[in-house]
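Q: Build me a model:
(one chain, ligands or ions: 1)
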Amino acid sequence: AENFTRAGNVNFNGNFCPVLQDKKFRYGTAGFRYPNEEMTFIAFRIGFLASLRARSLNQVVGVMVTASHNPTGDNGVKIIEPTGHMLENDWEHLATELVNANDTEFEELASSTEKSIMEKTGLKTETIPDNAKIFIGSDTRDSSPWLMRAVARGAEFGRVLKVNEFVNFTTPQLHYIVYATNKPNLSFDRLAPVRKTTDAFFEFIKRCPSKQLENYKPSLIVDCANGVGALWVLEYLNHPEQKNFPMNITLKNDAKDAAANEYLNRDCGADFVKLWRTFPRGFKNVPSETRCAALDGDADRLVYFYSNNNGVFILLDGDQIAALYAKFLIKQLELLGAKDLSIGVVQTAYANGNSSRYFRSLGIEPAIVATGVKNLHPKSETYDIGIYFEANGHGTVTFSEKFWDFVKETPADPEPKIMLRLFSQIINDIVGDGIADLFAVEAILRYFDWSIGDWASKIYTDVPSAQLKIPFRDRSIFQTTPDETRLIKPEVMQKEIDVWVSKFHGARAFVRPSGTEPIVRIYAEADTDENALHLAYRIAHVVDKNYPIPFELPEI
Ligand code: G16
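A: Residues are numbered from 1 along each chain as shown. Below you'll find the predicted structure:
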């Protein structure tokens, strides 16, 4: 079954599978994501391109096989730069060209691409530098082993034979391992991301100011979305200090093998909880005021939730995590009188209006960029301390060289400086990491001695909002402004949206095509939950009127 053609088109069952000529594939928000039976030739060609990237830089390049929050029938591939970051823009274009070439065009395009890249780097076309290597990672999807092989064969076609496989890894772990392997002073190690976070976490909680905890309880329930996080969360508690400072984590939706794929992200996980603002499956009997968190399928997102004593479901999403981080970080800077370190926040159009207002009250004007870590991360790096989060729970904190100099260990360091340094080590500053973020949130809640209710009430409360997903075949008809809050095309639709928004009090709403699923997303805010939902459905009707939706929308 491994007789890949030279264009990589053999599917999952070993059958020849020509590239679909009527379909255009694009490198979306986080790489290529499609139904898994369409993915083999894409994985092969991405393996090929990754090998050219690795050869031209003489470094390790990563390829992650995952479709993260998408349903189990999808899979995906994305390339990870040697820095651990998302693939450069120019290379996304190359990837799109290679993937959309038909079977006969592919070989010629592959060889001309190889030649021109190697020429640009001043190397002979056949050169295979010593450090050029591909790290392929995958989560628990049952189509992943096959797609990993396709990536490896593609890399071989691109003449890179040094390939390491990371089966059942989270996406952020692979990002970190690729980064650390390329760093001269760090060494390659599969458990490096775990150790880095937990060593700092236990040291941090040992030093927390409140010795007698009144509100914070070191126990929580984690919804693992039946994905790879289930294999890892408890691994982070496998630390000598766990017996002195026990954290009690209960896992739910923790089916972790490929056989359990049916339940991956199904009625559970961070995307489900965020979208539907309700408990995932398996949480029926959880008592009120119990701190709960949800990861997504590849554990790169995190949201918290609970029900309060009145039985009301409360969501603490990525915006709330960013606000918690900001509160803690600003406090440390104030205690240290460190005025010359800049601190910034990066959000997207989905950020809840009250979160942005909260940051303004702290003197931080949040920067709004397009959806996708690839857009948030670089902006965040323009600050000494950059906090970036998407409302869906994807985010982290980045630090500048000036920050690292500032927190460098010296004798008699003041306590807030130590806490800043430890926090920066708990976090996976290379990319948003659901598990590292979970430990960072726990550390801060413990630092403030806060219950989840304290967190929900002491920072800000959300403006009522609603989100809908509408299946949509040709998303290319939509063009948005750079911040994605308005449609440039179709113009008529934006006019109709404006009319509806003006009819609601304190409202805003937008439509944007997803870069990971064959859907458009609708987001609306208004003065009440009912009105926000009502407005979202009004906008859905606008989409339906212009481009009929393949199902009945509720009458409003
Ligand atoms: C990916 C990206 C996120 C993005 C999300 C949804 O998340 O990494 O930055 O917010 O897709 O994107 P879209 O709205 O374009 O569908 P994940 O967790 O699926 O990798």
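Q: Quick one: neighbours of I522, just the number.
A: I522 sits with 23 neighbouring residues when counted by other C-beta atoms under 10 Å. The way it works is simple: take the backbone N, C-alpha and C, and place the C-beta from them, glycine included.
Q: Any idea what it is bridged to?
A: Here I522 sits in beta bridges with L468, V511, as judged by DSSP bridges.
Q: Give me the distance between it and M493.
A: 11 Å (C-beta to C-beta, to the nearest Å).
Q: so what sits against both of these two?
A: Residues touching both I522 and M493 (C-beta atoms under 8 Å, 6 or more residues apart in numbering): 511, 543.
Q: any idea what sits nearest R486, other than its immediate chain neighbours?
A: Using C-beta to C-beta, 6 or more residues apart in numbering and skipping the chain neighbours, the partner closest in space to R486 is Q494 (5.7 Å).
Q: Spit out the contact partners of that neighbour.
A: 486-488 are the contacts of Q494 under C-beta under 8 Å, 6+ apart.
Q: likewise P172?
A: So P172 contacts 193, 299-300, 428, 430-436 (C-beta under 8 Å, 6+ apart).
Q: Tell me the buried residues in the helix or strand harbouring it?
A: In this structure, P172 sits in helix 171-182 according to DSSP states H and E. For helix 171-182, the buried set under the neighbour-count rule, 16 or more other C-beta atoms under 10 Å, comprises 171-182.
Q: Of these, which is the nearest to the ligand?
A: T171 (6.8 Å; C-beta to the nearest ligand atom).
Q: thought that closest one was touching G137?
A: Yes. Counting by C-beta atoms under 8 Å, T171 does reach G137; the two are 7.1 Å apart.
Q: anything in contact with each of those two?
A: 64, 66.
Q: Kindly report the residues of this structure close to the ligand.
A: Neighbours of the ligand within the chain, by C-beta under 6 Å from any ligand atom: 29-30, 68-69, 296, 300-301, 371-373, 390, 392, 394, 514-517, 521.
Q: redo that, cut-off 8 Å
A: Residues of the chain lying close to the ligand by C-beta under 8 Å from any ligand atom are 28-30, 33, 66-70, 171, 270-271, 296-298, 300-301, 348, 371-374, 376, 390, 392, 394, 432, 512-517, 519, 521.
Q: Only the buried subset of these, as a PyMOL command please.
A: To isolate the buried ones among the residues of the chain next to the ligand in PyMOL, judged by 16+ other C-beta under 10 Å, type:
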select buried, resi 28+29+30+33+66+67+68+69+70+171+270+271+296+297+298+300+301+348+371+372+373+374+376+390+392+394+432+512+513+514+515+516+517+521
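Q: Which of the residues of the chain next to the ligand fall within helices?
A: 171, 270-271, 373-374, 376 (DSSP state H).
Q: which of those residues lies closest to the ligand?
A: V373 (4.5 Å).
Q: Enumerate every residue touching L376.
A: Counting by C-beta under 8 Å, 6+ apart, L376 makes contact with 346-348, 369, 388-390, 395.
Q: That one: what's its closest spatial neighbour, skipping adjacent residues?
A: Y388 (4.1 Å).
Q: partner strands of the helix or strand where that neighbour lies, parallel or antiparallel?
A: Assigned by DSSP H and E, Y388 belongs to strand 385-389. Taking DSSP bridges as the criterion, strand 385-389 forms sheet pairs with strand 343-347 (parallel), strand 395-399 (antiparallel).
Q: Right, and the ligand sits closest to which residue of the stretch 51-200 of the chain?
A: For the stretch 51-200 of the chain, C-beta to the nearest ligand atom, closest residue to the ligand: S68, 3.2 Å.
Q: wait, isn't that residue in contact with G297?
A: Yes. S68 lies in contact with G297 (C-beta under 8 Å); the separation is 5.6 Å.
Q: residue boundaries of the helices in the stretch 151-300 of the chain?
A: Secondary structure of the stretch 151-300 of the chain (DSSP state H, counting those that start in this stretch): helices located at 171-182, 192-206, 229-232, 269-276.
Q: for the stretch 151-300 of the chain, which spans come out with low pLDDT?
A: 187, 257-259 (pLDDT under 70).
Q: quick one, strands of it?
A: Ranges of strands within the stretch 151-300 of the chain are 163-167, 219-223, 248-252, 292-295, based on DSSP state E, counting those that start in this stretch.
Q: care to break the chain down by domain?
A: 32-188, 193-316, 318-433, 465-546 (automatic domain parsing).
Q: Please list all residues in contact with E114.
A: By C-beta under 8 Å, 6+ apart, E114 lies in contact with 52, 125, 158.
Q: Please indicate which of these are buried?
A: Applying 16+ other C-beta under 10 Å to the contacts of E114 flags 52, 158 as buried.
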